Each structure stands twice: as C-alpha cells, then as structure tokens.
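A.B. asks: Model the following, please.
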Amino acid sequence: MEHTSPQHIPDDLSPPLDSAAEQELPALPSEPMAPLFDAELPTGSEWGFQLKWDGIRILARLNGCGQVELFSRKLYLKNAIYPEMTAVLESKRAWGPCLLDGEFVWWDGIRPNFQQVLKRERSRGLARQPLPPAAAGAQAALPAIPAEQRPGSDLSGTGSGVPASASVHQSFGALVYVLFDLLSDESGDLRHLPYEERHRRLTALVGTDDPRVFVTDLFRDGEALWTWVETNRWEGVVSKRLSSPYREGKKHRDWLKKKIALVLDVDIVGLKWRNGLIASLVMELEGEYLGSVSLGLNDALRGVLASTFRPQHAHLAVVSCPFPAMPEDLKNEEVQWLSLPFRCRVTGLELTSAGQLRHPKLVTFLPKEPLS
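C.D. replies: Below you'll find the predicted structure:
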C-alpha cells in the first residue's frame, strides 16, 4: 500500500548534517517512483513480482559515516518520527553512502499493521532514546512460506521465499524497514540501471543478518504469489518490469499493483445529515477516524436510521465528537454524534495516508456484542 504522512512535519529534532557530510549524500528524486493500479497481473518473462507491504513509504539517505536522513513520499524529513529506525540505519556504516527506498512497516507478529504505524505518524515525533539491548538483538517474527508453497524461484538466485527469520525467539510488535529499491550506492547513481540489477545490488548490500531491515523478495510466478496473498489476507502484489529504470512518479507502466479488498468491522459513531436526510455514516476503527460511508446505504436503511436517531427525539442526548480533533472533512458538515455506536461491516480499496478507507462500501449491520 502507498502511504504518506497525514501531517506535514516542517522540521525535525535531529541535528543538521555538516557541510562535509552533505557533499557525500546522494541526490533525492523529485518524487519516488509509484506503482499504478491494475486489476490484472501482467504476464511474460520481463516481469517480476513482490508482496505489497502495508506501511509508510520512506526513502533513507545514508552518508556512510553514521549520518542518516529519512524522507516521506513528499520528501518531508522523518527522523524525529522514527528515532529507533534512525539509530538502526546509523549503525550501517559498512553500506557506505547510499539511497534506499522502501516501507516502514509495523509487524505485529502475524502481518503488517498499518493502523499502528499510522499512530506513529500522528505522534509528531518521539524523544530520541538509545535502543534497549533486548530490542537491538531481538529476532522479529517475519512471515514465512513453507518451501513447497513458495511461489516460484527468487530472481536474486537465493531461492528464498517471503522473508523469514532463521531462528524466531519471540513475536512482538516491532517497526521494520522493508526495502525494495536501491537508487544509489558508493559507485554512484543507479537509477538508470534495470530494476533486476538494482534489486540484486540491494540484496547484496543489505544481506540477511538484521531482521529489522531486509529486502523483500522478487518472484517469477505472479499468479502463485497472488494465491498466497489471497489465502493469507495480505495487501496485494506489486509487478515490476525487470528492465525498467527508476522513473519518478506515476508516468510509466513499469510498476503495477493489484490489491485485495479490505474487509473491516467498524463502529458507526455519527450520522452525516444533508437537507434533512442521512447522507453517510461516520466510521471509527480502533479509536481512529476512518472516514464516512454512503455506498450501500439504500433509502430503506436511511429511513430506519432516521426514524431511530432523528435529532429532535427528546430521549437522544447531545454527544460531542469522539475524536481528539474534528476531522477536516467534517468541519463544514452537519454531524450527529451517537451516544451508543453500532457496528457495521464495510469493504474498501485501501487505507489512505490519513488513515481513511478509500472507496468504502457498507456490507451489513452487525449484531451487538454481548456484555462480558
């Protein structure tokens, strides 16, 4: 999933790089290369396929002397938001000066949890602390596919499946950096090289000894990978033309993404009224604003909801917004907040950088959960 910061962070808590280090840093792209949506996987030997990791897009620029800059998709500096990953990358002096492209992912022991990494984005920074010994040496549990189920051979020649730690000692929530491209290294700018070669160099540079920073695998069999994604409820597959250079933005057909629909059980915490009618339902997921849903809300359902929750009913108490701040897209709307939210199942295409569900659709109302 392609995600950016929901807030513009104009400055950073990290000290500026000195002029000598600045001269050694690789040049940033004007905008990162981004995949385009496509409902079908491409076919042919010129394509490779990767898992789509549900996280925040981050470019990491290292000078090879222990100084690191982290940039969002819109090139906002992110060191203050991710101090522990800044510290991890500062230790990678052996990699030399390089520019990395990938996703910061919150790994919950089973799969990426975008809601957790989004909460970090909204935090506006953490105080810089050294990594505790336990975290620095921990082996995070990464997803594994049994050898007989691996979707085709890995193009790097290693034959490995989806990244997996060789010895998993514990499972816990952890931030990991999933890399998929190398824009430059100590030899210079690599963006003109074919993607297959950039991925090979990236794999050789990063290695497999640190589960906090790893390279996502590149597979030949896209259909087999898609089957695994559907079975394991992963986000999707990114198809990459192996001969393609690094083309900024989306003016290309070299990177394509196919995604499965999200299915979420959400709380309806408010009703959006327009011209005396219910226009949409305000959704909440794990205490966070998820947006509003109107697709799937037919006239009959609107009538039932209106007769139940019509604002002039005397028994309905006035309720304030449940979120810390009024969402921007609701500030000019007439919203009736509910004292007793109800649950619904919805589908959507993906979560946006602001944490809202893109193209939501109401599937069904859910029964009340019994009191424990």
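
A.B. asks: Quick check: phi and psi on the residue most central in space within the chain?
C.D. replies: Nearest to the mean C-alpha position of the chain, by C-alpha atoms, centre = their mean, lies Gly55 at 1.8 Å. In terms of degrees, to the nearest 10, the main-chain angles of Gly55 are phi -150, psi -160.

A.B. asks: Let me see the ranges of the strands in the stretch 151-300 of the chain.
C.D. replies: Under the criterion DSSP state E, counting those that start in this stretch, the stretch 151-300 of the chain contains strands at 174-185, 188-189, 213-215, 236-241, 255-259, 262-274, 277-285, 288-293.

A.B. asks: Reformat those as JSON lines; add mean neighbour count.
C.D. replies: Every C-beta, even on glycine, is put in place using the N, C-alpha and C of the backbone. Output for the strands of the stretch 151-300 of the chain, formatted as JSON lines (neighbours: other C-beta atoms under 10 Å):
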{"stretch": "strand 174-185", "mean neighbour count": "22"}
{"stretch": "strand 188-189", "mean neighbour count": "12"}
{"stretch": "strand 213-215", "mean neighbour count": "23"}
{"stretch": "strand 236-241", "mean neighbour count": "23"}
{"stretch": "strand 255-259", "mean neighbour count": "21"}
{"stretch": "strand 262-274", "mean neighbour count": "19"}
{"stretch": "strand 277-285", "mean neighbour count": "20"}
{"stretch": "strand 288-293", "mean neighbour count": "23"}
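
A.B. asks: Let me know which of these is the nearest to Arg302.
C.D. replies: strand 277-285 (4.8 Å; C-beta to C-beta).

A.B. asks: That closest one: how far from the chain's middle?
C.D. replies: 25 Å (C-alpha atoms, centre = their mean, to the nearest Å).

A.B. asks: List the buried residues in stretch 52-60.
C.D. replies: Buried positions in stretch 52-60, judged by neighbour count with 16 or more other C-beta atoms under 10 Å: Lys52, Trp53, Asp54, Gly55, Ile56, Arg57, Ile58, Leu59, Ala60.

A.B. asks: the domain parsing of this structure - what is it?
C.D. replies: Domain assignment for the chain, taken from automatic domain parsing, gives 19-259, 262-365.

A.B. asks: got any ranges where the stretch 251-372 of the chain has weak pLDDT?
C.D. replies: Along the stretch 251-372 of the chain, the model assigns pLDDT under 70 to residues 311-318, 369-372.

A.B. asks: In it, what residue spans correspond to helices?
C.D. replies: Taking DSSP state H, counting those that start in this stretch as the criterion, the stretch 251-372 of the chain carries its helices at 299-309.

A.B. asks: what do you get for the stretch 51-200 of the chain?
C.D. replies: So, for the stretch 51-200 of the chain - with DSSP H, counting those that start in this stretch - the helices run 83-90, 114-122, 133-137, 195-206.

A.B. asks: Confidence-wise, which of these is weakest overall?
C.D. replies: Within the helices of the stretch 51-200 of the chain, confidence is poorest for helix 133-137, with a mean of 32 (mean pLDDT).

A.B. asks: what stretches of the stretch 1-150 of the chain score poorly on pLDDT?
C.D. replies: 1-24, 124-150.

A.B. asks: One more pass at 80, please.
C.D. replies: Flagging of the stretch 1-150 of the chain using pLDDT under 80 yields the residue ranges 1-25, 122-150.

A.B. asks: show me where it has strands.
C.D. replies: Under DSSP E, counting those that start in this stretch, the stretch 1-150 of the chain gives strands at 36-37, 47-52, 56-63, 68-71, 97-107.

A.B. asks: what does the shortest one contact?
C.D. replies: The reference is to strand 36-37. By C-beta atoms under 8 Å, 6 or more residues apart in numbering, the surrounding residues in contact with strand 36-37 are Lys250, His252, Arg253, Trp255, Leu256, Lys257, Lys258, Lys259.

A.B. asks: would you turn those into TSV with distance to Ala279?
C.D. replies: Converted to TSV, these look like this (distance: C-beta to C-beta, whole Å):
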residue	distance to Ala279
Lys250	32
His252	38
Arg253	37
Trp255	37
Leu256	35
Lys257	31
Lys258	32
Lys259	27
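
A.B. asks: can you name the two of those residues that are farthest apart?
C.D. replies: His252 and Lys259 (18.6 Å).

A.B. asks: returning to what we had before: which of the domains of the chain sits most buried?
C.D. replies: Neighbour counts (mean count of other C-beta atoms under 10 Å) averaged over each of the domains of the chain peak at domain 19-259, with a mean of 18.

A.B. asks: Kindly provide the distance from the residue nearest to Ile58 when sequence neighbours are not counted to Ala174.
C.D. replies: Once flanking residues are discounted, Ile58 sits nearest to Phe104: 4.9 Å by C-beta to C-beta, 6 or more residues apart in numbering. Distance, Phe104 to Ala174, using C-beta to C-beta, to the nearest Å: 11 Å.

A.B. asks: And for Thr86?
C.D. replies: Distance, Thr86 to Ala174, by C-beta to C-beta: 15 Å.

A.B. asks: No further questions, thank you.
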